[in-house]
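Peer 1: Here is my input, please return the structure:
(2 chains)
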Amino acid sequence: MAFDEMTEGGGGVRAPYEKIAQWLETVPREQLQQRRLEAELFFRRGGITFAVYGDAQGEERIIPYDIVPRVLARAEWEHLARGLEQRVRTLNLYLADVYGAQNAMRAGIVPPDLVWQNPAYRPEMAGIEVPHGVYVHIGGIDVVRVDADDFYVLEDNARTPSGVSYMLEGREISIRLMPELFGQHRVAPIENYANELLSSLRSVAPRNSAADPTVALLTPGQYNSAYYEHSFLADKMGVELVEGRDLLVKDEVVYMRTTEGPKRVDVIYRRVDDEFIDPLTFRPDSGLGVPGLFAAYAAGNVTLANAIGTGAADDKVIYSYIPELIRFYLGEEPILKNVPTWRCREPEALQYVLDHLAELVVKETHGSGGYGMLVGPHASSSEIETFRALLKANPEGYIAQPTLSLSTCPTFVESGIAPRHVDLRPFVLSGSDGVRIVPGGLTRVAMRDGSLVVNSSQGGGLKDTWVIE
Amino acid sequence: MRIRIHHETAYTYDRPAQSVIQILRLTPRDHEGQYVRRWRIDLDHGGVLRQREDAFGNIIHVLSASGEFTQFSLSVDGEVETQDTAGIVRGATEHFPPALYLRETALTRPDAAIVDFARSAAGKSKNGPLDRLHKLLVELHDHMSFEIGTTDSGTSAIEAFQSGRGVCQDLSHVFIAAARTLGIPCRYVAGHLFRSDMVTPQEAGHAWAEAHIPDLGWIGFDPANGISPTDSYVRVAIGLDALGAAPVRGAQIGGSDEKLAVTVTVDQTAQQQQQQS
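Peer 2: Numbering: from 1, shown residues only, chains lettered A, B, ... in the order given. This next block holds a predicted model:
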């Protein structure tokens, strides 16, 4: 039986949910239905959609928004936030290490081939000093809880984690549609996220830039599935939203074309993937990048957030080494737990996984978005056999984990209010002046009964997340 | 051997270019068997060259030129003293452990045909990795023919191997892909080859591969010629593939119809020349 964050699975109500429980008992179903439709309309009008990769029509979908907020008590959040900060500090130290001194490899903590053969490792970054030593300026750390005390990190996202616009829009919707309920709680604000992001980005400007550094957001363009978020964040921060063709590099300095002529850019919040960011260093066929950007970066004249090559820290095999890396770099015990992970590249682990496929979750080492995974307990025998063959053919490509009993939260579905599994993606900002985390994050909810897959590409929905005093 | 290298690249534009940026890997470094006596790069247009070292230890120059211009040219002139080291490269600038050079890239990804070819060539050897690599070199030199004009700079090892033809870049990519499937770290070398015979058509530059064997270190293999490099070879840049070691990667803003004319001279004495334009 999964831990329910409102009822604990029993008849009682946990303290943070007292008022929500009362509200759910009294609010008419028609009113909930009405508000859900209004929320959907809000998303549709705002153009807040996402494209599903692999969908032949490239159809834009509305993400289901559940109007019942997910609640965390302040003390729970404080514990979680400390763990997140510890985690992201470690990711940054690990990246500085793999592109620098290689201490963790020398100490035998991470096998060297996991660095050198990692497809997300960018050899071009070796020896480059990134401004202020920060690699992961924006980290999205996916966490789940299994009981009243324990949070597990499910996945680190150190490349270009998205979803923060949903977090912010979700808050706006709950304030607008449920002002009474919102007013009954002292909900920690998240509206300052864009300001915190901007402060964080400005703090990592190159040391040789002007006192008032210029930040720009680089997007692949309107055909990117997260374009809405790019324009949303640029707008909220009050910075230019640019595409590759809007930037140019002259003598290793990056400029943005403006009506008043070229203007130097100091910090680029880039939402263009590594491989596409500079055709003179990475893929030569990329039209999304800026020729010479990497040279400007190597010269220390511009900050890229996130740094190039951060994917070397966030795949699912490296994930399994993070607790050890926390001890190694910080000399601290991990605050958040790691899901036990079988690395199929290790023969004994592979054998165990093959013998227990029906009980385990198997994931691609470099996969994301809930694609290419096997949830053993919910899989048909033919799906299991397909994975058995995949694992035998390419054990390095997979890891396996036990199925976690993700916590559930009350959710408004066809049948009324019912528990549904949730996770949480808080956004962790790292600047030269420390770590900033707005309280909460993006709660994703598996709308189908019993489903553990919360990814929006797989039909997952969203909830507003309230950290309350 | 004392080898003089001189090349000129002239760019012309129908409509004036406003700015040009290029990453150049045109400058050799010293190591055992190779001593750079003198080397210089010149721009005829008022551009800026900034020198740096890339992650692989290559000397790079970042060329920036701006203003309205319809042509500019870049000239490289230098002299290198070489000795035959039986292909063994020692004392070169190395920033990565050999294991890095087992990475796959788009241009050096193997397919089943390359894997089979590598296994079958290596299978003809009962000796160590050096002998296996020599077998691979000989087999590949026999299997693929050197032919200009059937491939381009974006041709992958898989495509070149399928067609059975290519230039030194393609043969090197296939060699690299094959060696890596045997678990042998292997990399791409861009450089120059001095030829006294001038019988076969020459490319502007030359390319070959280097493989790493624990006891010997890095050893050169030139699949286009079926031999290990001699004192006729000048190493300029290394990379995981041709893209990573490319002599020039550039882009221009404004300007149309970029045309370039390249003249390369690699000679031992003033009489011996090879040219391509």
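Peer 1: need the helix or strand of the chain with the lowest average pLDDT.
Peer 2: All of this is about chain A. Across the helices and strands of chain A, mean confidence by mean pLDDT, DSSP states H and E is lowest for strand A:49-51: a mean of 60.
Peer 1: Which helix or strand contains the closest residue to A:Asp449 other than its chain neighbours?
Peer 2: Once flanking residues are discounted, A:Asp449 sits nearest to A:Ala418: 6.9 Å by CB to CB, 6 or more residues apart in numbering or on different chains. In this view, the C-beta of every residue, glycine as well, is placed from N, C-alpha and C. Secondary structure assignment for A:Ala418, by DSSP states H and E: strand A:416-425.
Peer 1: roughly how far is that strand from the heart of the chain?
Peer 2: 18 Å (CA atoms, centre = their mean, to the nearest Å).
Peer 1: Which helix or strand lies directly C-terminal to that strand?
Peer 2: That would be, after strand A:416-425 and using DSSP H and E, strand A:427-431.
Peer 1: Which strands or helices does that next one pack on?
Peer 2: Applying 3 or more CB pairs under 8 Å, 6 or more residues apart in numbering or on different chains; DSSP states H and E, we find strand A:427-431 packed against helix A:74-98, strand A:138-145, helix A:193-203, strand A:434-437.
Peer 1: can you tell me the average pLDDT over the second one?
Peer 2: Regarding strand A:138-145, the rounded mean pLDDT is 96.
Peer 1: Over to stretch A:338-349?
Peer 2: For stretch A:338-349, the per-residue pLDDT averages 96.
Peer 1: Can you tell me the closest non-neighbouring residue to A:Ser451?
Peer 2: Among residues not flanking A:Ser451 along the chain, A:His421 sits closest, at 6.7 Å (CB to CB, 6+ apart).
Peer 1: That neighbour: how many residues sit nearby?
Peer 2: Look at A:His421: counted by other CB atoms under 10 Å in any protein chain shown, it has 25 neighbours.
Peer 1: Quick one: the strands in the stretch 1-150 of chain B, in order.
Peer 2: Per DSSP state E, counting those that start in this stretch, the stretch 1-150 of chain B carries strands over the ranges B:2-27, B:34-43, B:48-53, B:59-82, B:88-89, B:145-146.
Peer 1: Out of these, the one nearest B:Leu193 is which?
Peer 2: Smallest distance to B:Leu193 across the strands of the stretch 1-150 of chain B (CB to CB): 9.3 Å, for strand B:2-27.
Peer 1: thinking again about what came up before, among the helices and strands packed on strand A:427-431, show me which one is buried the most.
Peer 2: Mean neighbour count (mean count of other CB atoms under 10 Å in any protein chain shown) peaks for strand A:138-145 among the helices and strands packed on strand A:427-431, with a mean of 24.
Peer 1: Give me the distance between A:Glu385 and B:Met1.
Peer 2: A:Glu385 is 63 Å from B:Met1, where distance means CB to CB, to the nearest Å.
Peer 1: Would you point out which residue is most central in chain A?
Peer 2: Nearest residue to the geometric centre of chain A (CA atoms, centre = their mean): A:Gly140, 3.0 Å.
Peer 1: What strand or helix carries the residue nearest to it when sequence neighbours are not counted?
Peer 2: Counting by CB to CB, 6+ apart, the nearest residue to A:Gly140 once its immediate chain neighbours are dropped is A:Pro161, at 2.8 Å. Using DSSP H and E, A:Pro161 falls within no helix or strand.
Peer 1: swap in A:Lys236?
Peer 2: Here A:Lys236 is assigned to helix A:227-237, by DSSP H and E.
Peer 1: can you pull the buried residues of that helix?
Peer 2: A:227-234, A:236-237 (16 or more other CB atoms under 10 Å in any protein chain shown).
Peer 1: Isn't A:Ala400 up against A:Lys363?
Peer 2: Yes - between A:Ala400 and A:Lys363 a contact is recorded at 7.4 Å, counting by CB atoms under 8 Å.
Peer 1: Helices of the chain, residue ranges please.
Peer 2: All of this is about chain A. Listed in chain order, the helices of chain A (DSSP state H) span A:18-26, A:29-45, A:74-98, A:103-106, A:112-116, A:164-177, A:179-183, A:193-203, A:227-237, A:293-298, A:316-319, A:322-330, A:347-355, A:381-393.
Peer 1: My question was about chain B, not that one.
Peer 2: B:112-123, B:129-143, B:157-163, B:168-181.
Peer 1: could you check the angle helix B:129-143 makes with the first one?
Peer 2: It stands for helix B:112-123. If you take axes from the mean of the first three to the mean of the last three CA atoms, to 10 degrees, helix B:112-123 sits at 130 degrees to helix B:129-143.
Peer 1: hmm, back to that, compile the buried residues of helix A:227-237 into JSON lines and extend it with columns for pLDDT and distance to chain B.
Peer 2: Shown next, in JSON lines, are the buried residues of helix A:227-237 (pLDDT from 0 to 100; distance: CB to the nearest CB, whole Å):
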{"residue": "A:Tyr227", "pLDDT": "92", "distance to chain B": "25"}
{"residue": "A:Tyr228", "pLDDT": "90", "distance to chain B": "30"}
{"residue": "A:Glu229", "pLDDT": "93", "distance to chain B": "29"}
{"residue": "A:His230", "pLDDT": "96", "distance to chain B": "24"}
{"residue": "A:Ser231", "pLDDT": "95", "distance to chain B": "25"}
{"residue": "A:Phe232", "pLDDT": "95", "distance to chain B": "30"}
{"residue": "A:Leu233", "pLDDT": "97", "distance to chain B": "28"}
{"residue": "A:Ala234", "pLDDT": "98", "distance to chain B": "24"}
{"residue": "A:Lys236", "pLDDT": "97", "distance to chain B": "31"}
{"residue": "A:Met237", "pLDDT": "98", "distance to chain B": "28"}
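Peer 1: can you list the residues of chain A near chain B?
Peer 2: Chain A has residues A:112-113, A:116-117, A:123-128, A:248-252, A:279-281, A:284-285, A:291-292, A:295, A:298-299 near chain B, with proximity defined as CB under 8 Å from any CB of the partner chain.
Peer 1: Whichever of the residues you listed end up buried, select them in PyMOL.
Peer 2: Applying 16+ other CB under 10 Å to these leaves a buried subset, and the PyMOL line that selects it is:
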select buried, chain A and resi 112+116+123+124+125+126+127+128+248+249+250+251+252+279+280+281+291+292+295+298+299
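Peer 1: what's the first-to-last distance across stretch A:449-465?
Peer 2: 21 Å (CA to CA, to the nearest Å).
Peer 1: In that stretch, which of the residues would be classed as buried?
Peer 2: A:451-465.
Peer 1: What is the nearest of the residues you listed to chain B?
Peer 2: A:Ser457 (25.8 Å; CB to the nearest CB).
Peer 1: low pLDDT regions in the stretch 51-200 of chain B?
Peer 2: Residue ranges of the stretch 51-200 of chain B with pLDDT under 70: B:197-200.
Peer 1: no wait, the stretch 301-450 of chain A
Peer 2: Low-confidence segments of the stretch 301-450 of chain A, defined by pLDDT under 70: A:369-370.
Peer 1: For chain B, give me its nearest residue in it.
Peer 2: A:Gly309 (10.5 Å).
Peer 1: what number of residues lie near that residue?
Peer 2: 24.
Peer 1: Look up the closest residue to it, ignoring the ones flanking it.
Peer 2: A:Gly309's closest residue in space is A:Arg122 (CB to CB, 6+ apart), at 3.5 Å.
Peer 1: near chain A, which residues of chain B show up?
Peer 2: Counting by CB under 8 Å from any CB, chain B sits next to chain A at B:19, B:21-23, B:48, B:50, B:52, B:54-56, B:62, B:64, B:66, B:95-97, B:99-100, B:102-103, B:154, B:240, B:243, B:249-251, B:253.
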